[in-house]
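Asks: Need a 3D model of the following:
(chains A, B and C)
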Amino acid sequence: MIFYMASAFLIAIGLYALMAKKNLIKMILGITFLDSGVNLLLISLGYINGGTAPILLNGVKPGEVVDPLPQALVLTNIVIGVSVTALALSVVIRVYKHYKTLNSDKVRDMKW
Amino acid sequence: MIKKSISFILIAIVFLALFLTLANDVPFGANRTVVSAKYIYDGVQDTGAANLVTAIVVNYRGFDTLGEVTVLFVAATGIGAVLYNMGNPVRKKREKTEASLIVKTGSKVLFPIMLIFGAYVFIHGHLTPGGGFQGGAIIATAFLFRYVSDTRYSIDHKKFTATESVVGMTFAMVGILGLLLTGYFLYNFLPNGSPGELLSAGIIPIIYIAIGIKVGAELTGIVDNMMGVEQ
Amino acid sequence: MVDPTLLIGIPLFMAFLIPSIAIGWKNSARYLAGATILSNLIISALVFIEAMNNPIVSVLGGWQPPYGIVFIVGPLGSMLALLISSISMLTWFYLPPHIKEGNETKFYMLFVLLMAGATGMVLTGDLFNLFVFMEITSIASFSLLAYSRGKDEKEAIEATIKYMIIGSISSAFFLIGIALLYGVTGTLNMADLAARIPQANHNVVILSVVMIITALGIEAEMFPLNGWTPDAYTGASHPVSVMFASVVVKAGFFALIRVIFLVYSGASEALQILLIFGLFTLFVGESSALRQTDLKRMLAYSSIGQMGLLLVAFSLGNQTALVGGLYAMLNHAIAKGLLFMAAGSFILAIGTRDIRALDGMGKRMPITSVLFTIGAFSIMGLPFFGGFISKIVIISGSMEAGSIGTLIAILILSASLIELVYFLRVVHRIWMKEPAKYTNLKEPSFTVTFPMMILGAFVFLMGVYPQVFFRVLVPAAQELLRAMGGA
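Replies: Just a heads-up that it's a prediction; the model follows:
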């Protein structure tokens, strides 16, 4: 239960940072929060009461482990999240070079 | 003000919808395994890996992993393209202040240990928690230490490129070989061995070693690109 | 029989190979990329011919679905894969004058990976695999968008940061939707999901559908989620705009349609929501195009409008409308690609994107002007071109849908009128006005113009021999309808 609350909360914080904050770096942090929240959600969906880590060595039986599939999905997603964050940061480096500011309001040269 | 309030309301709606639906309709801790049941019960036999997550990542859903490696590759290439010509090609002194003696000595001691640990993590991916990506990240952190502690440290870009290329091609080759030999892309065509041994689980150790090296090289390359940007 | 996984495997292998070879042999990237795209073109043609008769199911890793990932290639998927390879090939010819600055090797790598990502999106039968390929496509798009140098650099970077922020929200929401679906069904395979969703908890399914429509709607430029589109299309270098308009958004749209039709039996209101949003997209897009003085921005809004039209056509739900929608999708990909290419040649020659500078282009760059006009006529829906056939079929499909259908038909016609106005304005300038200052404008070289000619010829064929295309599109529409009616 607390996991659901935490993941929904992280997602909410991430969205807030993306939508309401002006500093580009804070927005990228928002992306990180969003990803963390989603990952937490995915893993908590895999938990089975009383289960242990899905490694079948040292006497662990198949019936006693948690669901390994969401863990595999999260593994993939963490890497994707890292890639997006890294790319976003490098784009921000370029933005700074041109606009000399990290304020997203000023980065609005393109008209409607 | 208006923008903040609207976002606040929208986000509150998303939060409540998400939390209430989850709390009421998706019971925490319940056994949801439909497809996973097969992974859990037949995993060791089918793949030879004791670590079920590894079995899924590399074998059952190996194609997703190939996609993920590609994502990292695209991002590393993109960063190289975006930051192209933004720094001095011959990296001389980047930092204005040198790192302290503790950091310098500590990193020299830790560097080989971290490399070995990272290698251990990805070589034993099918037996212990961890695997290619985790091990690769540890290796990249080891290199990051070197960058932080020594302002003149720099690795020739050609080495990164060559490593990433060769290793990426290995992964794609394993897949295509599987296609040619058995008619299924990424089929596990090596023998499974007995679970618990280091040399078991067919193509899994090969792929994980490849991924470990690739991820390490790529993350380090990204760090190197960003470090090279002029202030 | 050729395995469709090669459509992904070969580009990935080559993309990994290119940087090594480029260390030694500097200009090899272009030719290696060209060879890869050519191989994809040939393989997708072979796959298409095969898949028209019996759908190819390619099991990856040897694990049967739902335990493994599977590629399901029917008439629709293979046609789209062929479209993606063809447009990529033609854009490859068009590329050289447009990427002078910047790292050429990396551009070609990203280009090949973009093609592979979009191809994966249309071929896969697994929901999480779709997510992974969507990410490959998105990140390649971000990188290619950030590519411009020189005077366009500032706009490109601004467009990239906007696109990235919205793109991240899209990925996160998509994943939340997938997580919710997994939570109540325990599987990720699309066909398996279609079977299990009817018995799953209705509330969760509805929330996940909302999340997924939002996420894929961002990719498919649905209103109000398309704020990123005008900036992205305008700021991108010209070949990248072509890829965005013809390949990326089509793959995103296809993903949206696939997923919606998948859960249709579980949430039938989804189609009505799409219809309403589609109508909004259509009108907002076309009206915004009316006020533009920037050529690429106008084309971008026109694309948004066309995507709205596609959404409407696909949500009407009957076979005629679906065939019309598919026809329109094909026509738009080709004609819009042509328009962006021609616009790019214009802009490269005269140095500005302002429409008013296009006066008298017909005399100065006749070939490109003719090609531009062909593209414009097709999107407008004038007879003898593909757009005409597609609009007729969509409107008759809409009339079949009852009284509300007639209203929708009227709305589509009014939107088409708006299209006519702003395109004719440009065409009029090109042919009827006198050239202002610039003289001595060279037509671009043959390698750059010839892809445009091929696109123009194709669009003309679509208008004059529709039966050929119906033979392909009707089974494709039936495939979609079958998916919609339940597993």
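Asks: Let me see the ranges of the helices in chain B.
Replies: Assigned by DSSP state H, chain B shows helices spanning B:2-25, B:36-47, B:52-54, B:62-82, B:101-123, B:132-149, B:157-182, B:204-227.
Asks: for chain A, same thing?
Replies: A:2-20, A:24-45, A:68-99.
Asks: Quick one: list the elements packing against the shortest one.
Replies: Going back to what we said before, that points to helix A:2-20. helix A:24-45, helix B:2-25, helix C:153-185 (3 or more Cβ pairs under 8 Å, 6 or more residues apart in numbering or on different chains; DSSP states H and E). (Each C-beta comes from the backbone N, C-alpha and C, glycine too.)
Asks: Now tell me what touches it from outside.
Replies: By Cβ atoms under 8 Å, 6 or more residues apart in numbering or on different chains, the list of residues contacting helix A:2-20 from outside reads A:26-27, A:29-38, A:40-41, A:43-44, A:47, B:3-4, B:7-8, B:10-12, B:14-15, B:18-19, B:22-23, B:26, B:28, C:165, C:168-169, C:172, C:176.
Asks: Pull the distance from that helix to the chain's centre.
Replies: 10 Å (Cα atoms, centre = their mean, to the nearest Å).
Asks: buried ones in it?
Replies: Residues of helix A:2-20 classed as buried by neighbour count (16 or more other Cβ atoms under 10 Å in any protein chain shown): A:3-4, A:6-20.
Asks: returning to that earlier point: just the buried members of the contacts of helix A:2-20?
Replies: Buried among the contacts of helix A:2-20 by 16+ other Cβ under 10 Å: A:27, A:29-38, A:40-41, A:43-44, A:47, B:7, B:11, B:14-15, B:18-19, B:22, B:26, B:28, C:165, C:168-169, C:172, C:176.
Asks: Show me where chain A dips below the pLDDT cut-off.
Replies: A:106-112 (pLDDT under 70).
Asks: wait, what's in contact with the most centrally placed residue in it?
Replies: Chain A has A:D35 as the residue nearest its centroid, 1.2 Å off, counting by Cα atoms, centre = their mean. For A:D35, the contacting residues are A:14, A:77-78, A:81, A:84-85, C:168, C:172, by Cβ under 8 Å, 6+ apart.
Asks: need the residues you listed in a markdown table with distance to B:V121, can you?
Replies: Converted to a markdown table, the contacts of A:D35 look like this (distance: Cβ to Cβ, whole Å):
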| residue | distance to B:V121 |
| --- | --- |
| A:G14 | 29 |
| A:N77 | 19 |
| A:I78 | 15 |
| A:G81 | 20 |
| A:V84 | 24 |
| A:T85 | 22 |
| C:S168 | 29 |
| C:A172 | 28 |
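Asks: Let me know the pLDDT of the spatially closest residue to B:T141 that is not a sequence neighbour.
Replies: Excluding its sequence neighbours, the residue lying closest to B:T141 (Cβ to Cβ, 6 or more residues apart in numbering or on different chains) is B:M114, at 6.5 Å. Note for B:M114: predicted pLDDT of 91.
Asks: Nearest the geometric middle of chain B, what residue?
Replies: Centre-nearest of chain B using Cα atoms, centre = their mean is B:F133, 2.7 Å out.
Asks: hang on, it packs against A:V79?
Replies: Yes - using Cβ atoms under 8 Å, B:F133 is in contact with A:V79, at 5.7 Å.
Asks: returning to what we had before: from the helices of chain B, which stretch is densest packed?
Replies: helix B:52-54 (a mean of 29; mean count of other Cβ atoms under 10 Å in any protein chain shown).
Asks: give me the low-pLDDT residue ranges for chain B?
Replies: B:1, B:85-97, B:151-152, B:195, B:201, B:229-231.
Asks: Closest residue of it to chain A?
Replies: B:A75 (3.4 Å; Cβ to the nearest Cβ).
Asks: Who are the contact partners of that residue?
Replies: A:83-84, A:86-87, B:222, C:139, C:143.
Asks: For those, give me a markdown table that also has distance to C:G308.
Replies: Shown next, in a markdown table, are the contacts of B:A75 (distance: Cβ to Cβ, whole Å):
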| residue | distance to C:G308 |
| --- | --- |
| A:S83 | 32 |
| A:V84 | 28 |
| A:A86 | 35 |
| A:L87 | 30 |
| B:I222 | 39 |
| C:I139 | 27 |
| C:S143 | 28 |
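Asks: circling back to that earlier point, can you redo the helices of chain B as JSON lines with distance to C:N27?
Replies: Output for the helices of chain B, formatted as JSON lines (distance: least, Cβ to Cβ, whole Å):
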{"stretch": "helix B:2-25", "distance to C:N27": "49"}
{"stretch": "helix B:36-47", "distance to C:N27": "44"}
{"stretch": "helix B:52-54", "distance to C:N27": "41"}
{"stretch": "helix B:62-82", "distance to C:N27": "17"}
{"stretch": "helix B:101-123", "distance to C:N27": "36"}
{"stretch": "helix B:132-149", "distance to C:N27": "31"}
{"stretch": "helix B:157-182", "distance to C:N27": "16"}
{"stretch": "helix B:204-227", "distance to C:N27": "23"}
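Asks: Of all these, which one comes closest to C:F133?
Replies: helix B:62-82 (6.2 Å; Cβ to Cβ).
Asks: Just give me the neighbour total for A:V82.
Replies: 20 (other Cβ atoms under 10 Å in any protein chain shown).
Asks: thinking in terms of the whole chain, how far from its middle is stretch C:71-80?
Replies: Using Cα atoms, centre = their mean, the offset of stretch C:71-80 from its chain centre is 15 Å.
Asks: Secondary structure element holding the residue of the stretch 301-450 of chain C found nearest chain B?
Replies: In the stretch 301-450 of chain C, the residue that lies nearest chain B is C:G344 (20.0 Å; Cβ to the nearest Cβ). Assessed by DSSP states H and E, C:G344 sits inside helix C:319-350.
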